[in-house]
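Student: 3D model of this:
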Amino acid sequence: MSLLNMETNLKGRDFLSLKDFTQEEIVYLLDLADFLKTKTKNSQPYEVLKGKTLGLIFEKSSTRTRVSFEVGMVQLGGYPLFLSANDLQMGRGEPIKDTARVLSRYLDGIMIRTYNHSDVEELAAYANIPIINGLTDALHPCQVLADLQTIREHKGHNLQGMKLAYIGDGNNMAHSLMIGGAKLGMEIYIASPSEYTPNDQWVDIAKEIAEETGGKIVITNDIHEASKKADVLYADVWASMGQEKEAIERRTALEKYQINSDLLKKAAKDVIVMHCLPAHRGEEITEEVLEGEHSVVFDEAENRLHAQKAVLASLI
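Tutor: Residues are numbered from 1 along each chain as shown. Model (predicted):
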């Protein structure tokens, strides 16, 4: 597919999950993210969204998602409009389908960061403008697109057969890493205690994708098996937003699922360490590793801006 056809094919699409995009489309978005990053570093304007407006709906608070989308939209020449759920009638019981149809008449796109994945799907079903999933309890595709960009920067553009070991709670990050990694033919190992393994629905989807691309999905309780000769080690918090009441219980179950200097020795010598942030140093990852020579955590955080700009420029 030519670049022109790719641009036409992506225009107006929703960005709910990387499962909805082909390998070729994902590579295109990553290449565009690299291009936009270079433009930004060289202070070269790329205002392809002049006159366009993006609504940002937040039911979950955020640092990286809010700032990167607002700054990204401004850098592309558009206007971001922050919409707290508490300020919308949706927060007072207005049906999502009504909100979707009304906002579609005002805006050129919507990014939503919320709890229930079904809410994002309903918003997309009734809106006639692109809907971007900024995070749900099930998936976090924007983060994984930035993760893939970061891995390519440090490991080369061909990710086929590359091993990523995710250590910890089988949450929305685990789901999205499985899907995004499988799309590019990676070997994704998820190491979690039995009671916190990823949802079977997303495991099955990822395994089906991996069969087509030559990738591999492995779910295990063994952090040493997962980390052995891994090219990438990945951590996330043990208790995500909305799970604060489970924090003590989760800390007990997950205390051995930590990326530390001992685990680092199991991985490849040139392993990179990733974390989607915010990090709880001393829990899922040690201070030594997070701040160490293998960490690319802040490159990864920066790339949220560039990867999301690629999504915005392509879809809107």
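Student: Moving along the chain from the helix or strand in which Leu83 is found, name the first helix or strand you hit.
Tutor: Counting by DSSP states H and E, the element that carries Leu83 is strand 79-84. With elements assigned by DSSP H and E, the helix or strand that comes after strand 79-84 is helix 96-103.
Student: Excluding its own residues, what touches the helix or strand that that next one is followed by? List them.
Tutor: Of the helices and strands lying after helix 96-103 in sequence (DSSP H and E), the nearest is strand 109-113. In this structure, residues lying in contact with strand 109-113 by C-beta atoms under 8 Å, 6 or more residues apart in numbering are 52-60, 62, 65, 69, 103, 119-120, 123, 127, 129-136, 312, 315-316. C-betas here are computed from N, CA, C, even on glycine.
Student: give me that answer again for 7 Å
Tutor: Strand 109-113 is contacted by residues 54-60, 62, 65, 69, 103, 120, 123, 127, 129-135, 315-316 when judged by C-beta atoms under 7 Å, 6 or more residues apart in numbering.
Student: for stretch 97-107, same thing?
Tutor: With contacts defined as C-beta under 7 Å, 6+ apart, stretch 97-107 is touched by Thr53, Leu54, Gly55, Leu88, Met90, Ile110, Glu122, Leu123, Tyr126, Ala127, Asn128, Ile129.
Student: Pull the most distant pair out of those.
Tutor: Thr53 and Glu122 (21.8 Å; C-beta to C-beta).
Student: before we move on, back to that, just give me the closest of the contacts of stretch 97-107 to Glu288.
Tutor: Leu54 (39.2 Å).
Student: Am I right that that closest one sits in a strand?
Tutor: Yes - under DSSP: H, G, I helix; E, B strand; the rest coil, Leu54 falls within a strand.
Student: number of nearby residues for it?
Tutor: 26 (other C-beta atoms under 10 Å).
Student: which SS state does the residue nearest to Lys19 when sequence neighbours are not counted fall under?
Tutor: Spatial nearest neighbour of Lys19, excluding adjacent residues (C-beta to C-beta, 6 or more residues apart in numbering): Ile179 at 5.1 Å. Using three-state DSSP, the secondary structure recorded for Ile179 is helix.
Student: Who are the contact partners of Ile179?
Tutor: Counting by C-beta under 7 Å, 6+ apart, Ile179 touches Ser17, Leu18, Lys19, Trp202, Ile205, Ala206, Ile209.
Student: Among these, which one sits closest to Gly282?
Tutor: Once C-beta to C-beta is applied, the member of these that ends up nearest Gly282 is Trp202, at 28.9 Å.
Student: so that closest one is in which element?
Tutor: helix 200-213.
Student: Mind giving me the packing neighbours of that helix?
Tutor: For helix 200-213, the elements it packs on are helix 172-183, strand 216-220, judged by 3 or more C-beta pairs under 7 Å, 6 or more residues apart in numbering; DSSP states H and E.
Student: Pull out the buried residues from the shortest one.
Tutor: I take that to be strand 216-220. Residues of strand 216-220 classed as buried: Lys216, Ile217, Val218, Ile219 (neighbour count, 16 or more other C-beta atoms under 10 Å).
Student: Contact partners for the first one?
Tutor: This points to Lys216. Listed by C-beta under 7 Å, 6+ apart, the contact set of Lys216 reads Glu187, Ala210.
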